[in-house]
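Undergrad: Build me a structure from this.
(2 chains)
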Amino acid sequence: MNHCLLNSRVYRRQLSTFTLRIEMRFDPLSTLSSNSTNQTEQILNITASIINRYQSKQLQSDWLNYPALGNSPPSGLSIQEPLNETTVPLSIIDRIEIVSLPSSCREQSPCSIQPVLVAYDSSGNIIKKLGSNSQPWQIVATVIGSSNVPLIGAIANYTNGQTQFTSFGFPSMGTYQIQFSLVLPNGVNRYFEIKEIFLIKICFFSSFIATSSLIVSAPSLSVTRATLAGKQSNQVTVVSINETFNISVVIVDSVSLYPISNIHWRNFTWSATASLYIFSEYNPKGSLIRTASSSIIIDANTGIITATNLAINQIGMYILSITLTSSNGEYSFSVTTSGILVIENTSK
Amino acid sequence: MAWFIIDGVTVIDLKISPLIVLSFNLPAVSASSFYSTNLVANLAALLGVSSDMIRRVDIISANNNRLVNYLFYK
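TA: Take a look at the predicted model:
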């Protein structure tokens, strides 16, 4: 049952400033089911939409279309989001600025110095939060004049007062000029406004996103040749004499140890060989055995290179050396595995 | 936060629903501005939600954070 309370004493009351508090929720579901997930998702989307509209100043503009709401848009909005017990004041975005430029960039791996951008309100205060908790605003980097260049880790959430780039990098060597621009989460640049019961107006944020103060360009920067190393990607710790095993390695950036996902960039192909690592002294007596079914498998999708069906024929502690070589000979490096203990065959 | 005092035979069904609470800071206007029959419909339209979702609307003084009055409660 609805109750609309009207108090004539309050009706005449002139307030200084006040807070209009609105609580919104769906009816609780009688049972937990997949519908509860849908309901949560819906309310999270509604939350994101309201926050997006307020922080882009769209909601304040729309407020003026409703004279019954006082003809004066709100000067502030605090929100308690679903599944959260804290109330957070929201800021209105004015501009974004680059605080830290990306630098020390090598092809195919994250720049050692990641870019950091900060959003400010019109008073010059740093905005801590853009978007809802579940759908924060994001900032995307693109190459000016070549928007189809597939940058690595090019999209970052804006949370805790700055962008959260962690793996931003470039696919190949060269000089690039990049720009950063805001995108609303999930690629959604629209919201729904219910004008009447059966009329839903679809509004677009695209003009807001295209605002020049929300796009910033960085000076040109150079991306240098990749410096590569390898890293074992599976663990083989104990095997029996002549028991076959596989060793897998991935190619990584030698500085960050970030795996190179596209190992065929610049049309490289790779070959690999496996051998026993030779200690300066006290080498065990066994040999590395390659069976008829031994092979090198290079998975282009995962970047994992696997030497299969290897075996060692004497007890002892061994380390393998996997040597990877690029097709043009530009890169050749070895990966040493962790120690492999070879024990007597327990089936005897 | 909800509190319950129960005895040994009481069964309480808790039905939980995620909640959004919006607190708009508004400039000095008369509270009467908000006493219209279609307040909830206007807020729902503005916020882009169904009117059924709005469960409570009230006014809080910005000076002392005190509840001035309920405008709507469901």
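Undergrad: how many other residues sit next to residue 58?
TA: You didn't say which chain, so I picked chain A. 18 (other Cβ atoms under 10 Å in any protein chain shown). Quick note: C-beta positions are derived from backbone N, CA and C, even for glycine.
Undergrad: other chain: chain B
TA: 19.
Undergrad: Could you verify that it is part of a strand?
TA: Yes. Residue state for residue B:58 (DSSP: H, G, I helix; E, B strand; the rest coil) corresponds to a strand.
Undergrad: was I right about it contacting residue B:21?
TA: No. Shown here, residue B:58 and residue B:21 do not form a contact pair, counting by Cβ atoms under 8 Å, at 10.8 Å.
Undergrad: where do the contact lists of those two overlap?
TA: Common contact partners of residue B:58 and residue B:21 (Cβ atoms under 8 Å, 6 or more residues apart in numbering or on different chains): residue A:21.
Undergrad: Tell me where the stretch 1-150 of chain A has helices.
TA: For the stretch 1-150 of chain A, helices defined by DSSP state H, counting those that start in this stretch occupy the ranges A:8-11, A:34-55, A:58-63.
Undergrad: out of those, nearest to residue A:124?
TA: Closest of the helices of the stretch 1-150 of chain A to residue A:124 is helix A:34-55, at 16.4 Å (criterion: Cβ to Cβ).
Undergrad: give me every residue that touches residue A:311.
TA: By Cβ under 8 Å, 6+ apart, the residues touching residue A:311 are A:239, A:242-245, A:288-289, A:291.
Undergrad: Looking at the residues you listed, which one is closest to chain B?
TA: In terms of Cβ to the nearest Cβ, no member of the contacts of residue A:311 lies closer to chain B than residue A:245, at 50.7 Å.
Undergrad: Quick one: residues contacting that closest one.
TA: A:236, A:239, A:309-311, A:340.
Undergrad: Now restrict those to buried residues only.
TA: Applying 16 or more other Cβ atoms under 10 Å in any protein chain shown to the contacts of residue A:245, the neighbour count classes A:236, A:239, A:310-311, A:340 as buried.
Undergrad: where does the stretch 1-150 of chain A dip in pLDDT?
TA: A:1-16, A:32-36 (pLDDT under 70).
Undergrad: buried ones in stretch A:260-268?
TA: Buried-residue list, stretch A:260-268, by 16+ other Cβ under 10 Å: A:260, A:263, A:266, A:268.
Undergrad: burial of residue A:102, as a residue count?
TA: 23.
Undergrad: hang on, it packs against residue A:110?
TA: No. Applying Cβ under 8 Å as the test, residue A:102 and residue A:110 come out as separate, 9.0 Å apart.
Undergrad: Mutual contacts of those two, please.
TA: Joint contacts of residue A:102 and residue A:110 (Cβ under 8 Å, 6+ apart) are residue A:168.
Undergrad: ok so, going back, from the buried residues of stretch A:260-268, which is closest to residue A:295?
TA: Checking the buried residues of stretch A:260-268 against residue A:295 by Cβ to Cβ gives residue A:263 as the nearest, at 17.5 Å.
Undergrad: any idea how far chain B is from that closest one?
TA: 45 Å (Cβ to the nearest Cβ, to the nearest Å).
Undergrad: ok, now which ones touch that residue?
TA: If you count contacts by Cβ under 8 Å, 6+ apart, then residue A:263 has A:251, A:270, A:298, A:300, A:303 around it.
Undergrad: do you know how far it is from residue A:325?
TA: 12 Å (Cβ to Cβ, to the nearest Å).
Undergrad: swap in residue A:177?
TA: From residue A:177 to residue A:325 the distance is 35 Å (Cβ to Cβ).
Undergrad: In terms of neighbours, single out the busier of these two.
TA: residue A:325 (16 against 13).
Undergrad: Contacts only, for the more buried one.
TA: By Cβ under 8 Å, 6+ apart, the residues touching residue A:325 are A:270-272, A:331-332.
Undergrad: Low-confidence regions, chain B specifically.
TA: Across chain B (using pLDDT under 70), the flagged ranges come out as B:1, B:29-37, B:62-74.
Undergrad: Now flag whichever of the contacts of residue A:311 is closest to residue A:27.
TA: Nearest member of those to residue A:27, counting by Cβ to Cβ, is residue A:245, at 58.7 Å.
Undergrad: Distance-wise, check the closest one relative to residue A:274.
TA: Counting by Cβ to Cβ - residue A:245 and residue A:274 are separated by 11 Å.
Undergrad: For chain B, just list every one of the strands.
TA: For chain B, the strands defined by DSSP state E cover B:19-26, B:54-61, B:67-73.
Undergrad: Contacts only, for residue A:336.
TA: So residue A:336 contacts A:277, A:319-321 (Cβ under 8 Å, 6+ apart).
Undergrad: at 7 Å what do you get?
TA: A:277, A:319, A:321 (Cβ atoms under 7 Å, 6 or more residues apart in numbering or on different chains).
Undergrad: Kindly report the same for residue A:294.
TA: Shown in contact with residue A:294 (Cβ under 7 Å, 6+ apart): A:308-310.
Undergrad: looking at this, residue A:341 is in a strand?
TA: Yes. According to three-state DSSP, residue A:341 belongs to a strand.
Undergrad: Report the rounded mean pLDDT for the longest strand along chain A.
TA: Of all segments of type strand in chain A, defined using DSSP E, the longest is strand A:288-298. What strand A:288-298 shows for mean pLDDT is 91.
Undergrad: what about that strand, distance to the chain center?
TA: Relative to the centre of its chain, strand A:288-298 is centred 37 Å away, using Cα atoms, centre = their mean, to the nearest Å.
Undergrad: Mind listing the strands that strand pairs with, and their directions?
TA: Sheet pairing of strand A:288-298 (DSSP bridges) gives strand A:304-312 (antiparallel).
Undergrad: could you point out which element follows the strand it pairs with?
TA: For strand A:304-312, the succeeding helix or strand toward the C-terminus, using DSSP states H and E, is strand A:316-318.
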